[in-house]
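Chemist: Task: produce atomic coordinates for the following.
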Amino acid sequence: MNIGILGYGTIGRGVAALIEELPAEYGVKTLKILDLPQKKAELGALYAATKEEICANPRIDTVVEVLGGNDFAYDCIVMALENGKNVVTSNKEVVSRHMEEFYALAKAHGAYFWCEAAVGGGIPLICSLIDQTAYNQVTEIYGIINGTTNFVLTKMKEEGKTLNEALETARNLGFAERDASADLEGLDMVRKISILSSIAYGGLVSFEKVGHFGIASVTDRILKAAEEMGKTLKFMAYSRRDGNEVFCCVEPVLLDKNHPLSAVNNEFNAVFLNCSRNGELMFYGKGAGSYPTASAVIADILRIKNKAKPYYFNNDAAFSVTPRIKGAKYYVVKNGVGRITESEAEKQNADFYARLM
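Modeler: Predicted coordinates:
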C-alpha cells in the first residue's frame, strides 16, 4: 500500500512517523510528501513539489490530505478521487464544505473516502457513528469537540491565566494555530458538528446554517460567577433532530459539576450520542495534538488496507436546519444538554448575570 501525504506540518509529521512504526508485514509505505520548498532538504527523495506528483501518480494508491484550508485541499482531493485513489483527510473545513461531492466521487471511481480525523482528534467517533446509524436512529449529538478552546478554558479556570495567556500556552504545546480565531469563534466546531449531524441524520446539515457564539469575551469574572453557582463553563456543540427539523449550534454553556462533560479538561474531547436502540453513548479522548490526530488517519489507512466496507454519504433526509441563537443569553444550559427546562434556564441565566453586575 503506497501512500502520498499532502502536508508536512504537525499532523503530517505524525502520520509519516506512525507509518514508519507500522510492522513491515503491513506493507504500508510513504512514497511522496507534498509541502513548501523549505521542506525539500528535510524530506529528500520523499519531497513532492506539485499535487500531480501525488494525486496523479500511478504508484500511489492512497492520498492522505492534512493540509487544512479549503481551495487547494479541495483541488487535491478531487484530483485524487478522479484518478481512482483512496483519500484520507483530517481537514474538517474541506469536508464540511464538500462532503457530498467527495463521497459521490469516491463511489463513482471505486475508491474509499474516510475522514475519521476530521472530528474529535484520536477518538474513533465518525466510524462509530456510521455503525450506529445502521441499526439506530440517532436523535441528538452534543459535546466538546475542540481541544484548543477546552485547553484554554481549563487553564483559565485552574491556573488563573487570561484567555490570551492560555492561548499562547496552547500554541507552545502544539494545540493551537497561530491564528486561533476559528477556534475562539466556534467555526471549527461548526464544521465538525455539521459533519457529525449530516452523517447521523442522513441528510446534509450545512455548516452555514449552524448558529455559533464564541468565547473571545470570556473573562475570569465570568468563570468565577459560574463557580459560585456550582457550575462549569464549557464551550460545546449541540445538535438535535426533532421530526423534520434539526437544531444545531455551538455555544458556551453552564454545566452542573456532576455532569460528565464538566470533568473533560485540557485538550480532551467528549461527545454524547442519543440513540433509539442503545440510549446514550459517550466517546472520550484527546481531541488535539500530532499523534492523537495522526492515529485516526492511520486507522483509516488500515481500514482501507483491510478492505472494510466503504461508507458513501447519501443526502436522503428532508429537514430544515435551525440555528439555536437567540441573542446574548448564551451562558446558560439549554434544554437537552443540561436536562433543564427553558424557564429554569432563564432563572439560571438571570442569577448568573446578577453575579456579574
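
Chemist: Report the central residue of the protein.
Modeler: Nearest to the mean C-alpha position of the chain, counting by C-alpha atoms, centre = their mean, stands residue 119 at 2.4 Å.

Chemist: Verify the stated contact: that one with residue 125.
Modeler: Yes: in this structure, residue 119 is within contact of residue 125 by C-beta atoms under 8 Å, at 5.7 Å. To be clear about C-beta, it is placed using only N, CA and C from the backbone, and glycine gets the same treatment.

Chemist: where do the contact lists of those two overlap?
Modeler: Common contact partners of residue 119 and residue 125 (C-beta atoms under 8 Å, 6 or more residues apart in numbering): residue 196.

Chemist: so where's the stretch 201-350 of the chain uncertain?
Modeler: The stretch 201-350 of the chain contains residues with pLDDT under 70 at 324-350.

Chemist: count of neighbours near residue 194?
Modeler: 28 (other C-beta atoms under 10 Å).

Chemist: And the helix or strand containing it, how far out from the chain middle?
Modeler: Using DSSP states H and E, residue 194 falls within helix 187-201. Per C-alpha atoms, centre = their mean, to the nearest Å, the displacement of helix 187-201 from the mean C-alpha position of its chain is 8 Å.

Chemist: CA atoms only: put that helix into CSV for me.
Modeler: C-alpha atoms of helix 187-201 as CSV (Å, rounded to 0.1, in the frame of the first residue of the first chain):
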residue,chain,number,x,y,z
LEU,A,187,-16.2,28.0,13.5
ASP,A,188,-14.0,24.9,14.0
MET,A,189,-16.8,23.2,16.0
VAL,A,190,-19.4,24.5,13.5
ARG,A,191,-17.7,22.5,10.8
LYS,A,192,-17.4,19.4,13.0
ILE,A,193,-21.0,19.3,14.2
SER,A,194,-22.2,19.8,10.6
ILE,A,195,-20.2,16.7,9.6
LEU,A,196,-21.5,14.6,12.5
SER,A,197,-25.1,15.8,12.1
SER,A,198,-25.1,15.1,8.4
ILE,A,199,-23.9,11.5,9.0
ALA,A,200,-26.2,11.0,12.0
TYR,A,201,-29.4,12.3,10.4
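
Chemist: picking that back up, list the residues that contact the residue nearest to the centre of the chain.
Modeler: Contacts for residue 119 were tallied using C-beta under 8 Å, 6+ apart; they are 92, 125, 126, 145, 192, 195, 196.

Chemist: all strands for the stretch 151-300 of the chain, in order.
Modeler: Ranges of strands within the stretch 151-300 of the chain are 211-212, 231-242, 245-256, 268-275, 279-286, based on DSSP state E, counting those that start in this stretch.

Chemist: Which of the ones you listed sits closest to residue 39?
Modeler: The closest of the strands of the stretch 151-300 of the chain to residue 39 is strand 279-286. By C-beta to C-beta, the value is 25.9 Å.

Chemist: Return the set of buried residues in that closest one.
Modeler: Under the neighbour-count criterion of 16 or more other C-beta atoms under 10 Å, strand 279-286 has 283, 284, 285, 286 buried.

Chemist: again with stretch 130-147
Modeler: Neighbour counts over stretch 130-147 (16+ other C-beta under 10 Å) mark 132-133, 136, 138-147 as buried.

Chemist: And those residues, which two are furthest apart?
Modeler: 136 and 147 (27.0 Å).

Chemist: hang on, the earlier thing: just want the phi and psi numbers for the residue nearest to the centre of the chain.
Modeler: Backbone torsions of residue 119, given as degrees, to the nearest 10, read phi -140, psi 130.

Chemist: Skipping adjacent residues, who's closest to it in space?
Modeler: The shortest distance from residue 119 to any non-neighbouring residue, by C-beta to C-beta, 6 or more residues apart in numbering, is to residue 192 (4.4 Å).

Chemist: tell me which element residue 50 is part of?
Modeler: Secondary structure assignment for residue 50, by DSSP H and E: no helix or strand.

Chemist: Can you report how many residues neighbour it?
Modeler: The burial count for residue 50: 9, using other C-beta under 10 Å.

Chemist: Tell me if I'm right that it and residue 34 touch.
Modeler: Yes: here residue 50 reaches residue 34: they are 7.5 Å apart, a contact under C-beta under 8 Å.

Chemist: Next, format the buried residues of strand 279-286 as JSON lines and append distance to residue 240.
Modeler: Compiled in JSON lines, the buried residues of strand 279-286 are given as follows (distance: C-beta to C-beta, whole Å):
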{"residue": "283", "distance to residue 240": "17"}
{"residue": "284", "distance to residue 240": "21"}
{"residue": "285", "distance to residue 240": "23"}
{"residue": "286", "distance to residue 240": "26"}
